[in-house]
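1. can you look at this prediction? I've put the sequence above it.
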Amino acid sequence: MFNNYPDLLIIEEACEILHMSRNTLYELLRNKEIKAFQVNRIWKIPREAIEEYCREKSGLMRSNQ
C-alpha cells in the first residue's frame, strides 16, 4: 500500500502518510492504537503498523469473533 516508504518510519513520514498532525499521531502512539517503539527518544513506526491501522479504521479487517 505504501511501498515507496521505508519499512521503519519516523514521525514526519507517518504524518505524511496518514495526513494528520504530529499531536494526533503522538496521541495514537501513546494510546497504542498504532504499534511502534522508541530508540532513545525517536519513534520508529513499522510501515506495516500504519497499513494495519488504515485497514482497521476503514473496516477492511475481519473481526476475530
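-> All right, it came through fine.
2. if I've got this straight, W43 is in a helix?
-> No: checked against DSSP: H, G, I helix; E, B strand; the rest coil, W43 lies outside a helix; its state is strand.
3. tally of neighbours for it?
-> 17 (other C-beta atoms under 10 Å). C-beta: built from backbone N, CA, C; applies to glycine.
4. that one and M20, how far apart?
-> In this view, W43 and M20 are 14 Å apart by C-beta to C-beta, to the nearest Å.
5. go on, A36?
-> Taking C-beta to C-beta, one finds A36 at 14 Å from M20.
6. which of the two has more neighbours?
-> Comparing A36 with M20 by other C-beta under 10 Å, the one with more neighbours is A36, at 19 against 13.
7. so what's that one closest to, chain neighbours aside?
-> I45 (4.2 Å; C-beta to C-beta, 6 or more residues apart in numbering).
8. could you verify my assumption that the one you found touches Q38?
-> No: under the criterion of C-beta atoms under 8 Å, I45 makes no contact with Q38, lying 10.1 Å away.
9. more crowded one of these two?
-> I45 (23 against 9).
10. list the contacts of that one.
-> Listed by C-beta atoms under 8 Å, 6 or more residues apart in numbering, the contact partners of I45 are L8, L9, I10, I11, E13, A14, L29, I34, K35, A36.
11. drop anything exposed from those.
-> Those of the contacts of I45 that meet the buried threshold are L8, L9, I11, E13, A14, L29, I34, A36, by 16 or more other C-beta atoms under 10 Å.
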